[in-house]
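Colleague: Just the structure for this:
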Amino acid sequence: MELTKVEQLLASYFEGTTTLQEEAELRAYFSGSDVAPHLQAYQPMFAAFAQSKDETFTREVVLPKEKKTTNRWWLGIAASLLVAIGVFGFFNQEPTLTAEEKEAMIAFEKTKEAFKLLSQNFNDGAEELTYINNFTETKNKILK
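Modeller: Residues are numbered from 1 along each chain as shown. The predicted structure follows:
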């Protein structure tokens, strides 16, 4: 085989663009004894490829058994429920008031009751004013 063709095939081989036939030509060239001196560095590589081609794996391949996923499925559901209950409990709790806030709420309720009582008394007083208004109208009619 021509030296230039071998060099071109070798360059194509390292680029990954050779065909199977061209790779067979390279293996045949490097398995021979008349390899160019500057290409002898590649001869052990092709010899190793030829040797590894004849190797076979004789041990039995044991694949791990498939684990049951039903337990994980139930665990996932249980975890989701726990998270949902926790979130519901966190957001559903009543706010805790400090002592100052409690005192302010009590004062607000007492003030509300006082204003309600004041409003009732004021309304009762306003009803009495209607009697005075009627009296004044009647008096004006009589005096005219």
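Colleague: where does this protein dip in pLDDT?
Modeller: Filtered on pLDDT under 70, the chain yields the residue ranges 1, 67-70, 144.
Colleague: so how far is the host helix or strand of residue 130 off the chain centroid?
Modeller: In this assignment (DSSP states H and E), residue 130 forms part of helix 99-143. Here helix 99-143 is found 62 Å from its chain centre; the criterion is Cα atoms, centre = their mean, to the nearest Å.
Colleague: any idea how the protein splits into domains?
Modeller: Domains of the chain are assigned by automatic domain parsing as 3-54, 99-144.
Colleague: Go through these and pick out the most buried.
Modeller: Most buried of those, by mean neighbour count (mean count of other Cβ atoms under 10 Å): domain 3-54, with a mean of 12. Where you see a C-beta, it was placed from the backbone N, CA and C, and this is true even at glycine.
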